[in-house]
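Chemist: Build me a structure from this.
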Amino acid sequence: TTSALTDVESDAAALTLPIYPHGTQIRQAFGGRLRKEVSHELMVAEGMVPDTFAGELYVTPSLAATLSHGLDFFEKYPYDCVEQTLNRFRMNALLAAAAADLGLEQSKLAEGLTEAVDEGVARLGEQQTAEGGWPWWKGGRESPYMTAYAVDGLGTLRGNRFLSANAAARVDEMYAAGEKYLAGYVDDWRNNRDRYPAALSLYICEVALRTGILAADDDAAAEVADYYFEYRSPHSQMSLALLASVLRQLGDEQRLAVVLRNLDNGAK
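Modeler: Below is the predicted model of the structure:
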């Protein structure tokens with residue numbers, strides 16, 4: 001009931017509003033062999049209202065068929081930020097390519113995929129800035145983090161069999177521009193390292209090493225590792241995890257062991 005009162009006038013209204021219990025869709029996947037019959041216990045959220053539960057069971061002959069149930073989710077994701085624009089087609093292309101490489105039935109996975117990838121690549125290209133970076137949303141200022149995320153994702157798509165010739169060329173073009181942007185970030189970091197957050201700089205270095213933008217014997221990569229290893233005590237667990245990945249890619253097993261102990265101690 002809602003009411004409004006003044007010295008002169010008053011009004012009120014009563015409405016019946018349905019109350020829907022909060023819930024979320026949960027997928028649980030299990031693999032194994034089925035012989036005649038099998039029993040399996042499903043875990044549901046503690047405190048759940050029993051009458052609100054609904055479940056569907058899918059039995060499929062391969063893991064690819066199970067994973068394919070997520071394709072619609074990616075294709076129909078409602079947001080157009082850079083992250084979702086990329087993943088809307090990237091996940092499907094990677095899954096379809098993996099299924100094809102394994103010789104699994106993939107007609108459903110590949111159906112209309114090349115056209116969807118072409119569309120997604122074009123949209124991602126529209127979101128890239130003239131400087132080669134990506135913002136969170138089209139028209140925004142480029143973000144070093146989002147640029148590293150996009151470059152990392154595009155790197156996994158290069159050579160994918162479901163890219164048309166035009167899409168493959170566009171991916172290479174976007175990747176090269178993003179690569180140049182990240183290389184510029186690393187160069188600027190070397191002159192102004194105190195200006196940049198540890199987690200961001202380590203993430204960009206980790207992506208740059210993994211994608212080949214930086215080589216393991218590059219002086220810049222060594223400087224990043226040296227600097228954040230020396231001042232690692234105030235770093236977050238995320239920063240330490242990224243530092244560990246950087247050290248692993250540099251082949252620095254001794255300092256990697258130290259950082260892993262730091263991570264382990266922080267988790268206790």
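
Chemist: so who does the closest residue to Gly153 other than its chain neighbours touch?
Modeler: Spatial nearest neighbour of Gly153, chain neighbours left out: Leu86 (4.8 Å); criterion: Cβ to Cβ, 6 or more residues apart in numbering. (Glycine included, C-beta is placed from N, CA and C.) Residues counted as contacts of Leu86 (Cβ atoms under 8 Å, 6 or more residues apart in numbering) are 120, 124, 149-150, 153-154.

Chemist: now, among these, which is nearest to Ala98?
Modeler: Gly153 (15.6 Å; Cβ to Cβ).

Chemist: Where does that closest one sit, in terms of helix or strand?
Modeler: helix 144-157 (DSSP states H and E).

Chemist: That helix: which residues count as buried?
Modeler: Across helix 144-157, burial judged by 16 or more other Cβ atoms under 10 Å covers 144-155, 157.

Chemist: Quick one: mean pLDDT for that helix?
Modeler: Regarding helix 144-157, the rounded mean pLDDT is 95.

Chemist: got it, and stretch 212-226?
Modeler: 91.

Chemist: same thing with stretch 188-199?
Modeler: 90.

Chemist: and that stretch, how far from the chain's centre?
Modeler: From the chain centre to the centre of stretch 188-199 is a distance of 24 Å (Cα atoms, centre = their mean, to the nearest Å).

Chemist: next one: stretch 138-152
Modeler: Counting by Cα atoms, centre = their mean, stretch 138-152 comes out at 13 Å from the chain centroid.

Chemist: ends of that stretch, how far apart?
Modeler: End-to-end distance for stretch 138-152: 19 Å, by Cα to Cα, to the nearest Å.

Chemist: residues in contact with that stretch?
Modeler: By Cβ under 8 Å, 6+ apart, stretch 138-152 touches 80, 82-83, 86, 124, 126-129, 131-136, 174-175, 178-179, 181-182, 185, 200, 203-204, 207-208, 210-211, 213.
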